[in-house]
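Chemist: could you work out the structure for the sequence below:
(2 chains)
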Amino acid sequence: MNLLVLLKMVPDVVEELEIASDGAGLDMDVARMALSESDDHALEQALLLKERMGGTLAVLAVDAAEVDDALFTALAKGADRALKVDAGEVAQLGTRALADLLSQVIADGHNLLPVDLILTGTQAIDDLDGLMAPLVAHQLGLPYIAIVIQVTPDPARRVASVVKEYPGGVRGRFEIDLPAVVGIQSAERPPRYVPVAKVRAAMKTQRIETVQAPTLADGGTVLAEVKSMSKPEETGRAEMIEGTPEAASARLCGILAERGLV
Amino acid sequence: MPGNIWVLAEHWRGKVSEITFEALALGRDVADQLGSKVEAVLLGHGVKDLASQLGAAARVISTDHEALAEVVPEVYAEALAQLARRERPAAVLTPLSNVTLGVGTLLAAKLGASAINFCKNVRVVDGKIEAHAVLYGGKIETKVAAAAEPVVLGIGPGARLADAGRSAEPPAVVDEVTVDLPEAQPIRFKEFIEPEAGEVDVTQQDVLVAVGRGIGSRDNIALAEELAAALGGVVCGSRPVIDQGWLPPSRQIGKSGMQVKPRLYLALGISGAPEHVEGMRGAELIVAVNTDPAAPIFNVAHYGTTADVLEFLPLLTEQAKALRG
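Modeler: Predicted structure coming up:
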C-alpha cells in the first residue's frame, strides 16, 4: 500500500485567540499553531495500515508555523517521507487554495504516485471555504468519503471497506474503489504518543523534503472574503459563579437544590 | 431578478432531518430579503412522498434515482450541480451533518462557486449574500462575503428553530425532474451498523454528568461517577473522551453520538465545540465547569465556573451527598 497523509496546521484553540488589527483575521503573532486534530487521527490510521499491510507512508503539508515539528513527529512515528510545500505567504490561504496547491504537488509526481489511499482529517476548525478531502478528491478525480472511523483495504481487489459515522451512534459500511481520498474522523486507536527524544532524533537523522509551490492556473481559488472577525457576542451567556472552589460548589449545590435536582 | 434560495432537503432512513426544517426557515428569511423564493431540493430514491412535509418551500424540486438512495457526496453534488446549472439559484444551503457533509464542498468545486461553511446565520447586505460563520471550535465569529455565485452555504445546526421551517400545508408546487448519473459508482453503500445497546440509555436520564478532555485521565472518570451517583445520574462524555476509550461509544454526546435533553447537564472540562453542543443544547439546565473563561460552552450554559474540574468535582460531590443526607 502506498499511503499519503495530508496534514494541516490550525490555530490551537486551547490558547487565547486574538483578532488582528485589520479586524478580518487572527493575529498570527499570538496564535500558536498545532496539527489539526482529525489530521492527527488520519496519520494514526495510516500508521496502523502501514504496520498491518506494509508499503510506504508519506506525509505532505503546506509550510506554516510549527509545521516542521508536525512533520518530524510524523517521521518519528513511522512515516517514511515528509514533504513540505514552500508557498511563501501562506498564513492567509483558505482551505480551497491549500487543496489546489497540494493536489498540484501530488499530480506533479514527487515520487508520490502511484498512491493507493490519501488520508486526511474529515474537517478542520478553520475549513471556512471548503473541506480538504473532497477538494483534493475533486482535483485529482478520485472517489471520496469522510467521517470515517475504519478503513480496511483489499489491495488485490483494488477496493477498501470503510465505516463512516451517522448520527445517533449508527454507522454505515461502504466499499470504495482505490485509489481514493478518505476523510478520517477518528483512527481505530487514539493517536500514539511519541517521546520528544525520538522527535529530536528524527530531526537529526531524517529530513523534510521541500517542494516549491507550483504555479496555479488562476493563482489559487479565493472565492470567499472574510469581512470581519469577532469574539462571539455574550448574549445568553452563562451566569458565572465566582469565588473559591468551595464557595462556588456550595452556591451551585444551592441552585441545584432549589430546582429539586439534589 | 435575483436567483432563488435552494435548500438541500436532507432526509435519512425515511425521515426528513430536523436541520432541513431549520435550513428552510433560514432560507425563507434570506429569500425574503433578496426578493426571491425558497425552494427545497429533494434527492433520493423512493422518497418522493417526503415532499409533502416541505411546505415551507415555495416549490420542491424532486429527483428520484437509484444512485441517490444513500448520500454519496460525489453523486449528490453531481445531481445538484446539474440542477443548479439549469436553474441558477443565488445560493444553495447544505447541512453540515454526518449525513450530508462533503456535498456542499464538492458542489462548489464543480460549479466554480463560493463555499462558506459553519454558517449560523445568513443576511443580505446591499443585495449580496453575507454569511455569519463560526470558526475555531466556536471561539470566533466571522462575516464572510461570497465572491462567486451561486454561493454554497454549509449550515450548522440551530441557525433557526425547526418549527419555523415546518408547514401543515404541502408545498404549492412539486416538480419532478431528472438528472443524468452514471450507472456504476466508485463508492457503494453496503449496510448500516446499528449501535450496540449500552448498559444505560443516556437519552433517558434526568441528570447527566458529562466529561471532556479537561478531565485529564481515565482515572479521573471515577470522580465524575461519584458525583453522578450522588445526583442520581450517569456519566457521559464528549468525543475526545470516547476516542481515548475512557467511556464507551454509547455514552457519547454530540453530532455522531446521542442527542440528549436531561433536566440537568453538568459539563466538566468540555470546551463546547459546535459538534458537542449539537447533542446537548436542549438540556433544561446546563452548568459548565472549565478553566478557560473563553470556552464556548459558557455561551450555551446557564451557570458556569472557571474552577479547576478536579478540585471542584469532589467538593460538589461531598456537598450533594450531604444535602441528600
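Chemist: burial count for the residue of the stretch 101-250 of chain B at minimum distance from chain A?
Modeler: Going by CB to the nearest CB, chain A is nearest to residue B:195 of the stretch 101-250 of chain B, at 3.2 Å. (Each C-beta comes from the backbone N, C-alpha and C, glycine too.) Residues contacting residue B:195 under the criterion other CB atoms under 10 Å in any protein chain shown number 15.
Chemist: equivalent analysis for residue B:182, please.
Modeler: Neighbours of residue B:182 (other CB under 10 Å): 9.
Chemist: helix, strand or coil for the closest residue to it other than its chain neighbours?
Modeler: Spatial nearest neighbour of residue B:182, excluding adjacent residues (CB to CB, 6 or more residues apart in numbering or on different chains): residue B:67 at 7.6 Å. Under DSSP: H, G, I helix; E, B strand; the rest coil, residue B:67 falls in the helix class.
Chemist: again, but for residue A:232
Modeler: Going by three-state DSSP: residue A:232 is coil.
Chemist: kindly report the domain assignment for chain A.
Modeler: A:2-212, A:237-262 (automatic domain parsing).
Chemist: what's the closest of these to residue B:45?
Modeler: In terms of CB to CB, the element of the domains of chain A nearest to residue B:45 is domain A:2-212, at 15.6 Å.
Chemist: out of the domains of chain A, which is the most enclosed?
Modeler: domain A:2-212 (a mean of 20; mean count of other CB atoms under 10 Å in any protein chain shown).
Chemist: care to break chain B down by domain?
Modeler: For chain B, automatic domain parsing gives the domain ranges B:5-176, B:202-324.
Chemist: from the chain's centre, how far out does the shortest one sit?
Modeler: Domain B:202-324 sits 20 Å away from the centroid of its parent chain (CA atoms, centre = their mean, to the nearest Å).
Chemist: and that domain, end to end?
Modeler: This stretch, domain B:202-324, spans 23 Å end to end (CA to CA, to the nearest Å).
Chemist: repeat for stretch A:182-198
Modeler: With CA to CA as the measure, stretch A:182-198 spans 29 Å from end to end.
Chemist: ok, stretch A:100-119 next?
Modeler: Using CA to CA, first and last residues of stretch A:100-119 are 16 Å apart.
Chemist: quick one: contacts for the nearest residue to the residue of the stretch 101-250 of chain B closest to chain A once chain neighbours are set aside?
Modeler: The spatially closest residue to residue B:195, leaving aside those adjacent along the chain, is residue A:169, at 3.2 Å (CB to CB, 6+ apart). Taking CB atoms under 8 Å, 6 or more residues apart in numbering or on different chains, we find residue A:169 in contact with B:195, B:249, B:250, B:252, B:256, B:257, B:258.
Chemist: in ChimeraX, how would I select just the buried ones from these?
Modeler: Only the buried entries of the contacts of residue A:169 go into this ChimeraX selection, using 16 or more other CB atoms under 10 Å in any protein chain shown:
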select /B:249,250,252,256,257,258
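Chemist: out of the contacts of residue A:169, which two sit at the greatest distance?
Modeler: Farthest pair in these (CB to CB) is B:250 and B:256. Separation: 12.2 Å.
Chemist: now the helices for chain A?
Modeler: Ranges of helices within chain A are A:37-53, A:67-77, A:95-108, A:132-140, A:196-205, A:245-258, based on DSSP state H.
Chemist: so the third one, near chain B or not?
Modeler: Yes - under the criterion of CB under 8 Å from any CB of the partner chain, helix A:95-108 makes contact with chain B via residue A:96.
Chemist: now the residue nearest in space to the middle of chain A: how far from residue B:127?
Modeler: Nearest residue to the geometric centre of chain A (CA atoms, centre = their mean): residue A:39, 3.0 Å. Residue A:39 sits 39 Å away from residue B:127, going by CB to CB, to the nearest Å.
Chemist: low-confidence ranges, the chain, go.
Modeler: Went with chain A since none was named. Residue ranges of chain A with pLDDT under 70: A:89-92, A:217-222, A:234-236.
Chemist: just for the stretch 201-325 of chain B, where's the confidence low?
Modeler: In the stretch 201-325 of chain B (pLDDT under 70), no residue qualifies.
Chemist: which stretches of it form strands?
Modeler: Ranges of strands in the stretch 201-325 of chain B, per DSSP state E, counting those that start in this stretch, are B:207-211, B:234-237, B:264-268, B:285-289, B:303-305.
Chemist: next, format those as JSON lines and append mean neighbour count and distance to chain A.
Modeler: Below are these laid out as JSON lines (neighbours: other CB atoms under 10 Å in any protein chain shown; distance: least, CB to the nearest CB, whole Å):
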{"stretch": "strand B:207-211", "mean neighbour count": "29", "distance to chain A": "7"}
{"stretch": "strand B:234-237", "mean neighbour count": "28", "distance to chain A": "12"}
{"stretch": "strand B:264-268", "mean neighbour count": "28", "distance to chain A": "5"}
{"stretch": "strand B:285-289", "mean neighbour count": "25", "distance to chain A": "6"}
{"stretch": "strand B:303-305", "mean neighbour count": "24", "distance to chain A": "4"}
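Chemist: ok, residue A:142 to residue A:172 distance?
Modeler: 20 Å.
Chemist: actually residue B:85, not the one I typed
Modeler: Distance, residue B:85 to residue A:172, by CB to CB: 30 Å.
Chemist: ditto for residue A:50
Modeler: In this view, residue A:50 and residue A:172 are 25 Å apart by CB to CB.
Chemist: and what of residue B:201?
Modeler: 22 Å.
Chemist: what's the answer for residue A:129, then?
Modeler: Residue A:129 is 27 Å from residue A:172, where distance means CB to CB.
Chemist: OK, contacts around residue 71?
Modeler: Picked chain A for this. Residue A:71 sits next to A:7, A:59, A:61, A:82, A:84, A:208 when contact means CB under 8 Å, 6+ apart.
Chemist: wait, chain B
Modeler: Neighbouring residues of residue B:71 by CB under 8 Å, 6+ apart: B:10, B:12, B:99, B:100, B:103.
Chemist: can you select the buried ones from those residues in PyMOL?
Modeler: The PyMOL command for the buried members of those (criterion: 16+ other CB under 10 Å) is given here:
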select buried, chain B and resi 10+12+99+100+103
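Chemist: restricted to helices, list the contacts of residue B:71.
Modeler: Of the positions in the contacts of residue B:71, residue B:103 sit in helices, assigned by DSSP H.
Chemist: near chain A too, which of the contacts of residue B:71?
Modeler: B:12, B:99.
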